[in-house]
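Participant: I'll drop the sequence and a predicted model, then ask my questions.
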Amino acid sequence: MTRKPVSSGAGMTRVSPSKDWIAPIGGWRTDVEMADMPKDAAFQLDNFFPEANRVRARYGFLAFATGLGADVKTVIPYSGVSNRLFAAAGDKIFDVTAGGAVGAAVVSGQSAAHWSTQQYTNPAGQEYLRLVNGLDTPLLFNGTSWTNNYLVGTATLATQNVAVKNVPYTLSFFGTGSVTLSGAYAGVLNGTGVANRVTLTFTPVAGTLTLTVAGSVTNAQLETGAAATPYVPSTMITGIPDSSLLIAVTAYRSRLWFIEKNSTNVWYLATDAVSGTATVLPVGGNMKYGGTLVAINVWTIPVSTGLQQCLVLMSSEGEVIVFQGSDPSSASNWGLIGTFKLGRPLGTDRCMLSVGADLAIMTTDGIVPITKAVQLDRGATSLGAITAKIGPTWRETVAAIGTTSEEWQLASFPARQMAIVNLPSSFGPYQYVMNTETGAWCRFVGISASCWATWQDRLFFGSSDGTVYEAEAGASDNGTAIDALMVGAWNRFGDGLSTKFSKLIGVTAQIGVSTLMYAGISTDYQTKIPTALLSSVENSAAAKWGTAIWGVSKFPGNILARKFASAGAAGAALAPTVRALISGSSASVSEAAVVGGEVLYEKGAPL
């Protein structure tokens with residue numbers, strides 16, 4: 001009997017190896033070599049937001065208030081006895097609290113819609129909003145009325161001059177005296193009695209209006225508009241030659257503080273005042289690099305005795321000036337902590353954001369926490385920037401857009417742990433968004449926003465189409481499908497020479513009722529949009545808590561499912577790729593979240 005060797009391949013089949021991958025919860029990374037990316041990084045992460053244990057497609061947005069008639073450049077939240085939401089567009093400010101089509105403007109005849117705003121509460125519990133824009137007389141909202149009285153010493157009026165525009169004004173007062181108007185308008189208003197209010201509506205030319213007072217004129221009011229509203233004391237900020245030059249405002253140590261446009265001057269009001277005489281604080285002598293002041297905010301420093309607040313100023317040249325104390329007129333209660341150099345600020349007053357006890361500053365070098373700015377030389381601050389993970393992309397973006405657009409904004413949405421960088425519209429409808437808990441980044445695409453604000457734990461943005469939208473709401477972008485794309489970390493599977501032939505991709509995901517999810521493989525550092533449908537759950541209404549039957553009813557999108565799709569591709573490096581298309585109603589969200597998965601592949605011979 002002759003023995004014969006058995007063929008090594010007899011009775012055996014070739015087995016394709018599989019490789020697990022995890023969702024890129026580490027976020028979008030452009031600071032690392034593509035061939036050596038961390039396994040939790042993303043090569044591309046558009047409209048997928050990285051959370052601590054998954055990446056989820058952002059929720060949609062829906063029209064909240066319509067018909068504002070111009071680019072909405074400021075959304076203004078107010079929290080008080082009655083919570084209100086306002087929006088500035090064109091030369092007007094509207095009350096958009098109720099949503100829907102807006103009514104008549106609450107303020108009109110303004111020169112610009114980009115406002116710096118600050119809410120302030122005095123010891124009596126009165127809530128105010130103070131607004132400045134560098135072009136118009138500062139505005140004040142007292143919780144019920146936007147009435148702004150442009151006169152000073154109104155209880156018993158004296159002769160004075162007022163800067164006016166070519167818009168309707170109404171003058172009113174009580175008393176037996178008279179007010180003669182000259183300069184920008186000529187006319188006389190005569191009083192008829194101590195208890196009688198007389199009014200005069202007129203439209204001056206732009207310029208200086210002189211009011212010459214004779215006799216008893218009390219509770220006088222000059223306001224914009226064609227009708228008199230209930231009397232309020234003067235809302236003017238005096239002391240500064242032209243209060244319309246104030247461009248930024250913040251509240252610090254029981255005072256309101258302002259920056260004067262094209263200057264190195266800071267102005268501050270009396271303690272707990274929202275109007276009245278402002279006092280100048282010249283800062284230029286502390287500035288080493290020239291430029292003018294553009295932004296102002298507050299930094300809270302933890303110290304051994306608790307917390308200490310400091311006033312932070314930012315110059316157009318990227319110089320940060322920090323003061324401590326509450327009264328610049330007192331040598332014992334005011335002092336300079338120091339000055340620090342960063343890159344130039346992006347935009348103007350919206351380049352700073354308080355984050356807990358820190359203060360983030362948006363510059364050409366990245367978004368730098370002030371705690372890093374005071375420790376590092378400017379050459380090293382980019383390493384300490386919270387944008388370090390997208391540093392190369394940040395620098396390319398700044399080079400393409402420039403620094404001066406008012407649409408640059410650093411905003412936050414604490415309810416979803418989001419920090420939002422609004423990019424100017426000239427670059428496209430994009431935002432860079434960071435998870436403030438993990439520091440992971442992504443990019444939002446398809447949101448044409450001019451400004452952002454949060455109100456009542458809800459996120460809003462203004463748009464150039466004259467609409468205020470609510471974001472992170474609903475299952476579509478105002479009727480258009482949300483298109484989210486994730487390309488995970490590139491993997492060469494320990495061999496950069498051999499070609500890998502992918503066959504199948506598995507994805508562990510949450511898929512909502514209005515979500516279609518596709519999966520595939522991108523190869524050799526080039527994104528390939530997947531077309532293989534993973535799965536969609538049945539198109540039936542989701543069960544509702546309180547009426548659903550335990551163990552029978554379904555809650556689509558809340559349960560993890562393991563799905564597979566064909567993924568034929570070939571390359572030396574592979575990356576899992578998932579696309580989600582979400583198109584549902586505005587009444588509810590539709591989940592599209594990824595946890596991880598597997599790739600089935602074969603390895604070819606080295607070339």
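Facilitator: Alright, I've got the coordinates.
Participant: residues in contact with the longest helix anywhere in the chain?
Facilitator: Scanning the chain for the helix with the most residues, using DSSP state H, yields helix 391-401. By C-beta atoms under 8 Å, 6 or more residues apart in numbering, the residues outside helix 391-401 that reach it are 30-31, 346, 364, 366, 382, 385, 387, 408, 423-424, 426-427, 432. (Each C-beta comes from the backbone N, C-alpha and C, glycine too.)
Participant: switch to 10 Å and redo it
Facilitator: 28-32, 343-344, 346, 362-367, 382-383, 385, 387-388, 390, 407-408, 421, 423-427, 430, 432, 441, 443 (C-beta atoms under 10 Å, 6 or more residues apart in numbering).
Participant: Can you tell me the centre-most residue of this protein?
Facilitator: Ala411 (2.8 Å; C-alpha atoms, centre = their mean).
Participant: Among the contacts of helix 391-401, which lie within strands?
Facilitator: Among the contacts of helix 391-401, DSSP state E puts 28, 362-363, 366-367, 421, 430, 432, 441, 443 in strands.
Participant: thinking again about what came up before, now the buried members of the contacts of helix 391-401.
Facilitator: Listed as buried from the contacts of helix 391-401 are 28-30, 343-344, 346, 362-367, 382, 385, 387-388, 390, 407-408, 421, 423-425, 430, 432, 441, 443; burial here means 16 or more other C-beta atoms under 10 Å.
Participant: Below-threshold pLDDT in the stretch 451-600 of the chain: ranges please.
Facilitator: Scanning the stretch 451-600 of the chain for pLDDT under 70 picks out 535-558.
Participant: next structured bit after the strand or helix carrying Ala580?
Facilitator: Take DSSP states H and E as the rule and Ala580 turns out to sit in strand 574-582. With elements assigned by DSSP H and E, the helix or strand that comes after strand 574-582 is strand 592-606.
Participant: Measure how that next one sits relative to strand 574-582, angle-wise.
Facilitator: Comparing the axes of strand 592-606 and strand 574-582 via axes from the mean of the first three to the mean of the last three C-alpha atoms, to 10 degrees yields an angle of 150 degrees.
Participant: Tell me which stretches of the stretch 51-200 of the chain form strands.
Facilitator: Listed in chain order, the strands of the stretch 51-200 of the chain (DSSP state E, counting those that start in this stretch) span 55-57, 61-66, 72-78, 84-89, 92-95, 100-101, 116-121, 127-132, 139-141, 160-164, 169-175, 178-183, 187-190, 193-202.
Participant: What residues of the longest helix of the chain count as buried?
Facilitator: Within helix 391-401, the residues that count as buried by 16+ other C-beta under 10 Å are 391, 393-395, 397-398, 401.
Participant: got TSV for these, with pLDDT too?
Facilitator: Formatted as TSV, those follow (pLDDT from 0 to 100):
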residue	pLDDT
Gly391	95
Thr393	97
Trp394	97
Arg395	96
Thr397	97
Val398	97
Ile401	96
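Participant: Dump those residues to CSV, plus distance to Ala569.
Facilitator: CSV is the format used below for the buried residues of helix 391-401 (distance: C-beta to C-beta, whole Å):
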residue, distance to Ala569
Gly391, 30
Thr393, 26
Trp394, 31
Arg395, 32
Thr397, 30
Val398, 35
Ile401, 35
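Participant: Looking at the residues you listed, which one is closest to Thr170?
Facilitator: Thr170 lies nearest to Ile401 out of the buried residues of helix 391-401, by C-beta to C-beta, at 43.5 Å.
Participant: Give me the distance between that closest one and Trp408.
Facilitator: Distance, Ile401 to Trp408, by C-beta to C-beta, to the nearest Å: 8 Å.
Participant: who touches both of the two?
Facilitator: In contact with both Ile401 and Trp408: 346, 423-424, using C-beta under 10 Å, 6+ apart.
Participant: one step back: just the C-alphas of the strand holding Ala580, formatted as CSV.
Facilitator: C-alpha atoms of strand 574-582 as CSV (Å, rounded to 0.1, in the frame of the first residue of the first chain):
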residue,chain,number,x,y,z
LEU,A,574,-9.9,51.1,4.7
ALA,A,575,-12.3,53.3,6.7
PRO,A,576,-15.9,52.5,7.8
THR,A,577,-18.3,55.0,6.3
VAL,A,578,-21.9,55.6,7.3
ARG,A,579,-24.5,58.0,5.9
ALA,A,580,-27.8,58.9,7.5
LEU,A,581,-30.7,60.6,5.7
ILE,A,582,-33.3,61.8,8.0
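Participant: Run through the stretch 251-400 of the chain and note the low-pLDDT ranges.
Facilitator: Confidence mapping of the stretch 251-400 of the chain against pLDDT under 70 gives the ranges 304, 376, 379-380.
Participant: And the strands in it?
Facilitator: 255-260, 265-268, 276-277, 279-282, 293-303, 306-315, 319-325, 334-341, 352-355, 358-363, 366-369.
Participant: quick one, domains of the chain?
Facilitator: Domain assignment for the chain by automatic domain parsing gives 18-60+482-538+552-606, 160-234, 241-471.
Participant: In contact with the nearest residue to Thr271 once chain neighbours are set aside, which residues are there?
Facilitator: Closest residue in space to Thr271, ignoring its immediate chain neighbours: Ser254 at 5.1 Å, by C-beta to C-beta, 6 or more residues apart in numbering. The neighbourhood of Ser254, defined by C-beta under 10 Å, 6+ apart, consists of 120, 122-123, 269-273, 326.
Participant: Not counting its neighbours along the chain, what's nearest Ser448?
Facilitator: Pro429 is the one closest to Ser448 (C-beta to C-beta, 6+ apart), at 4.3 Å.
Participant: And for Ser566?
Facilitator: Closest to Ser566 by C-beta to C-beta, 6+ apart is Ala532, at 5.1 Å.
Participant: for Ser405, same thing?
Facilitator: Pro424 (3.8 Å).
Participant: Tell me how far the one you found lies from Arg350.
Facilitator: Taking C-beta to C-beta, one finds Pro424 at 12 Å from Arg350.
Participant: what residues are shared contacts of the two?
Facilitator: 406-409.
Participant: Any chance of TSV for those, columns distance to Ile447?
Facilitator: Formatted as TSV, those follow (distance: C-beta to C-beta, whole Å):
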residue	distance to Ile447
Glu406	18
Glu407	12
Trp408	15
Gln409	13
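Participant: Can I get the residues you listed in JSON lines including distance to Ala278 and pLDDT?
Facilitator: Below are the shared contacts of Pro424 and Arg350 laid out as JSON lines (distance: C-beta to C-beta, whole Å; pLDDT from 0 to 100):
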{"residue": "Glu406", "distance to Ala278": "24", "pLDDT": "96"}
{"residue": "Glu407", "distance to Ala278": "29", "pLDDT": "97"}
{"residue": "Trp408", "distance to Ala278": "28", "pLDDT": "98"}
{"residue": "Gln409", "distance to Ala278": "27", "pLDDT": "98"}
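Participant: May I ask which two of those residues are separated the most?
Facilitator: Taking C-beta to C-beta as the measure, the shared contacts of Pro424 and Arg350 span a maximum distance of 8.5 Å, between Glu406 and Gln409.
Participant: Give me the common contacts of those two.
Facilitator: Residues touching both Glu406 and Gln409 (C-beta under 10 Å, 6+ apart): 347-350, 424, 450-451.
Participant: Closest one of those residues to Ser476?
Facilitator: Ser450 (21.0 Å).
Participant: who touches that closest one in this structure?
Facilitator: The neighbours of Ser450, taking C-beta under 10 Å, 6+ apart as the test, are 71-75, 89, 113-114, 406-407, 409, 422, 424-425, 461-465.
Participant: Quickly note the distance from it to Gly175.
Facilitator: 46 Å.
Participant: go on, Gly284?
Facilitator: Gly284 is 45 Å from Gly175, by C-beta to C-beta.
Participant: These two: who's more crowded?
Facilitator: Gly175 (24 against 13; other C-beta atoms under 10 Å).
Participant: That one and Thr154 touch, don't they?
Facilitator: No: applying C-beta atoms under 10 Å, one finds Gly175 not in contact with Thr154, separated by 11.8 Å.
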